[in-house]
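In: task: produce atomic coordinates for the following.
(chains A, B, C and D)
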Amino acid sequence: MTEQHRHARPKSPQELRAAALETVLIEKGLASTDAIDALVDAFEQEIGPQNGARMVARAWVDPAYRERLLRDAAGAAAELGFGGAEGDHMRAVENTPDVHNVIVCTLCSCYPWPVLGIPPVWYKSPPYRARVVREPRAVLTEFGLELGPDVEVRVWDSSAELRYIVLPMRPEGTDGMSEEELAELVTRDCMIGVAVPRVGAAA
Amino acid sequence: MTEQHRHARPKSPQELRAAALETVLIEKGLASTDAIDALVDAFEQEIGPQNGARMVARAWVDPAYRERLLRDAAGAAAELGFGGAEGDHMRAVENTPDVHNVIVCTLCSCYPWPVLGIPPVWYKSPPYRARVVREPRAVLTEFGLELGPDVEVRVWDSSAELRYIVLPMRPEGTDGMSEEELAELVTRDCMIGVAVPRVGAAA
Amino acid sequence: MDGMHDLGGRQGFGRVEAERDEPPFHEPWEGRVHGMSETAEVGPGFRHAIERMEPAAYLTTSYYEHWLESIETRGVEHGVFTREELAAAAGRIAAGEPVPQRSDPEAAVAARAMLRPRPKSTYTAAPPRHAVGDRVTVVRVLPSGHTRCPGYLRGAQGVVERVHAPMPLLDVFESQDGRVQPEAWYTVAFAADTLWEVERPGHTVLVDLWESHLEAT
Amino acid sequence: MDGMHDLGGRQGFGRVEAERDEPPFHEPWEGRVHGMSETAEVGPGFRHAIERMEPAAYLTTSYYEHWLESIETRGVEHGVFTREELAAAAGRIAAGEPVPQRSDPEAAVAARAMLRPRPKSTYTAAPPRHAVGDRVTVVRVLPSGHTRCPGYLRGAQGVVERVHAPMPLLDVFESQDGRVQPEAWYTVAFAADTLWEVERPGHTVLVDLWESHLEAT
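Out: A predicted model of the protein is given here:
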């Protein structure tokens, strides 16, 4: 897919730097075109928040899976074929009527790749990382999420080795839905904790 | 002095912003050209490290003045006619064979204007403010000042209301010098604490 | 507040670059900004307006741009002028109009007098709670607004080196609401190796702090 | 280390700006950088190389520029390539030369396998010193090098929420000297109003910390 790009002249200083680096690594035998391609393709084609959404929907319909997810999220992900780098250790944290969870990495941009894919730019941005640990309600309001004053907000700063995913509450009015239909309600933002699933509002 | 400048078209965005601000303040009667001129002239013509140098030289030749300077630096400055904004409260800290003092303001750029004038850009710069409280010896080395391992370095972070000036040690080989000659050895950097007076090395 | 201005102990900065024979002002506009800042009344909060700057903007602009920003921000926030008035004036200047002149000899005299010895205000307050030699601990929760306590001292233990006569707590004084809360204040000495992993031999960091910043250890 | 990356609780930043329907990579070069970072061996210290970036540079460049910087920095520091080699390659690319291709099907298979479930390493260490419900205090003096303990926790008190099986202390593991120091680690809960002046009602901040970051209260 990149044949075209790698033969065109770089359009930005970043693109030039990246191309120069790839050139040096390839010429030294330290990188291979197809290994890089394989990773790009994986994130562009296969790995993304649809994976996490399947886990959430499964947990909503299958109480035993929900238990396994909350006890060992990496194991529960592996059951559906998801796992690997940035997801060897995972933990799912469950929203309840009394507790709302939000995920951040203040020091870096740690994120559970195998189940949520590449983090969005805002998740990696200084404003989110600086503010959400200190004033989560203000940040959530900017995302359109207003929580009741009695809800405890738990902000998980995942700067170590455990990657977090939020297990949202199943919304009202979804009783007749299939697991696949439920999964469509579960957006990336719901699993980061800056949104909650809404019927008819999925991405 | 600024007639010429204020009639020329601004050369930079900052100059334009400053000229626009002055225009608005003058038109609203909140600023006057000659009050601004008076302050600019004061710092360009009269107030600078030569004031502090006179105090240091006086302290070197007059033990009673040295005592007053160490007890009440603002009072000792006033004896020579120096004082006012950013110098209403001052403290002189004395270098000895065992103690070397360095001044910084980590939060802002607090500095004893009446005796040292306008601070140099490096004093106001993030590298100095960030580093000198944490690794003063590394910073002093960059200024060419190597202290013995037994010397205690005291870094004064003057972020509150007291402004500091270092009273350096009188260098060797200055026995025959007059107070005026001594004052010429005392550079601004000596009174900040990133240098020490040296015979034949004054600014 | 944990703004970008709170630089003490932050890592990653490069060498301190000193300029030889540096003038007080590098460009005439810097002197004008200095003069305006000291003589034009645009409301309180000089430092806090700078502290609130967006961090990348703070780091990539110069000292006198910070001052310019402070005058503009306060003038607008205190209703002294509007952004539109500044923009309109900038348009006229850019089109070649000169900055207007206004003479006020009394103001010029007063401005110069600011840089001469002048009487100090004195304040009364409760007697100081700490004495020279006392061990004190800096409070851990610092104000989210303006404060004179650097963040690197949060929760740190030090020793009182000097006790000063009461002064208004500037955390409050600069907060733009007119409150004045005089308190005893102190110079407190901190062993650097209790603040950070530091070079050997260790050094001492001395900071002036108000009673509100301290608790007894 | 107190680098610019240590952003938690820092003030002055603006709104969080979210982009609709964002792709994994905004430009092809970002994907290339991601792929190189995961597959090319240029030595340890991925995060530390980013943490050492000059603060203004850190704030004014994008995530994948940070990654690019990390690969370049480590490659140079570990002797894998030189700045001159990078510059020479950039010159050739700028002149129109294509990036060379190299096929390695096994490496491609291994790369894809990195993003599939795989066995976890297990480590042995001394038994954990703290138990769920214990009050703990974060040490005040944090490493000047890489650490997984955010600066906003220095000296803070929290409660152990979960105890995890031993893992290498990453502060040491990433320090590029090959040492591995497995330790018990914990999820620790901190009431936000013990960290900062915060909005009401208060919230809870939970952070994963190693035993080296903690002392008993």
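In: could you chop chain C up by domain?
Out: Domains of chain C are assigned by automatic domain parsing as C:28-114, C:135-216.
In: return the per-residue confidence for C:Q176.
Out: Note on C:Q176: pLDDT of 68.
In: swap in A:A160?
Out: 87.
In: next up, the contacts around A:C190.
Out: A:C190 is in contact with A:56, A:166, A:168, A:196-197, counting by CB atoms under 8 Å, 6 or more residues apart in numbering or on different chains. (C-beta placed from N, C-alpha, C; glycine too.)
In: where's it, which helix or strand?
Out: Secondary structure assignment for A:C190, by DSSP states H and E: helix A:188-192.
In: what does chain A have sitting close to chain C?
Out: A:P126 (CB under 8 Å from any CB of the partner chain).
In: and the helices in chain A?
Out: All helices of chain A, identified by DSSP state H, fall at A:3-7, A:13-27, A:33-41, A:49-61, A:63-71, A:73-79, A:113-116, A:121-124, A:126-131, A:136-142, A:179-185, A:188-192.
In: would you mind giving these as a markdown table with distance to C:W67 and mean pLDDT added?
Out: Output for the helices of chain A, formatted as a markdown table (distance: least, CB to CB, whole Å; pLDDT from 0 to 100):
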| stretch | distance to C:W67 | mean pLDDT |
| --- | --- | --- |
| helix A:3-7 | 47 | 50 |
| helix A:13-27 | 33 | 97 |
| helix A:33-41 | 48 | 97 |
| helix A:49-61 | 47 | 98 |
| helix A:63-71 | 55 | 98 |
| helix A:73-79 | 52 | 98 |
| helix A:113-116 | 45 | 98 |
| helix A:121-124 | 32 | 98 |
| helix A:126-131 | 25 | 98 |
| helix A:136-142 | 29 | 97 |
| helix A:179-185 | 52 | 97 |
| helix A:188-192 | 40 | 98 |
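In: one step back: turn the contacts of A:C190 into JSON lines, including distance to chain D and neighbour count.
Out: Supplementary listing: those in JSON lines, determined by distance: CB to the nearest CB, whole Å; neighbours: other CB atoms under 10 Å in any protein chain shown:
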{"residue": "A:V56", "distance to chain D": "18", "neighbour count": "25"}
{"residue": "A:V166", "distance to chain D": "13", "neighbour count": "26"}
{"residue": "A:P168", "distance to chain D": "18", "neighbour count": "23"}
{"residue": "A:V196", "distance to chain D": "15", "neighbour count": "20"}
{"residue": "A:P197", "distance to chain D": "17", "neighbour count": "24"}
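In: closest to A:E146 out of those residues?
Out: Distance ranking of these against A:E146, using CB to CB, places A:V196 first at 10.5 Å.
In: cross-check the contact I'm expecting between that closest one and A:R170.
Out: No - under the criterion of CB atoms under 8 Å, A:V196 is not in contact with A:R170, lying 10.3 Å apart.
In: and the residue nearest the centre of the chain?
Out: Using chain A here. A:L116 (3.0 Å; CA atoms, centre = their mean).
In: nope, chain C please
Out: Central residue of chain C (CA atoms, centre = their mean): C:R47, 4.4 Å from the mean position.
In: tell me how far it lies from chain D.
Out: For C:R47, the distance to chain D equals 13 Å [CB to the nearest CB, to the nearest Å].
In: any idea which helix or strand comes after the strand or helix carrying that residue?
Out: C:R47 belongs to helix C:46-51 when assigned by DSSP H and E. Counting by DSSP H and E, the next helix or strand C-terminal to helix C:46-51 is helix C:55-60.
In: which outside residues touch stretch C:127-144?
Out: Contacts with stretch C:127-144, where a contact means CB under 8 Å, 6+ apart, come from C:1-2, C:149, C:151, C:153-163, C:171, C:184, C:186, C:188, C:209, C:211-217, D:11, D:155-156, D:193-198.
In: and the helices in chain C?
Out: Assigned by DSSP H, chain C shows helices spanning C:28-39, C:46-51, C:55-60, C:63-77, C:83-94, C:105-113, C:170-173.
In: need the contact list for C:H164.
Out: B:162, C:184-187, C:208.
In: so what strands line up beside the lengthiest strand in chain C?
Out: Ranked by residue count and defined by DSSP state E, the top strand of chain C is strand C:157-168. According to DSSP bridges, strand C:157-168 forms sheet pairs with strand C:135-138 (antiparallel), strand C:182-191 (antiparallel).
In: what residues does the longest one touch?
Out: This points to strand C:182-191. Contacts for strand C:182-191 (CB under 8 Å, 6+ apart): B:154, B:160-162, C:123-130, C:136, C:138, C:153, C:156-169, C:202, C:204-212, C:214.
In: give me the number of residues near the residue in chain C that chain D sits nearest to?
Out: Taking CB to the nearest CB as the measure, chain C has C:G155 as its residue closest to chain D, at 3.5 Å. C:G155 is flanked by 17 other residues according to other CB atoms under 10 Å in any protein chain shown.
In: so it touches D:R154, yeah?
Out: Yes - at 6.8 Å, C:G155 counts as touching D:R154 under the criterion of CB under 8 Å.
In: can stretch A:20-34 be said to contact chain D?
Out: Yes - contact of stretch A:20-34 with chain D (CB under 8 Å from any CB) involves A:20-34.
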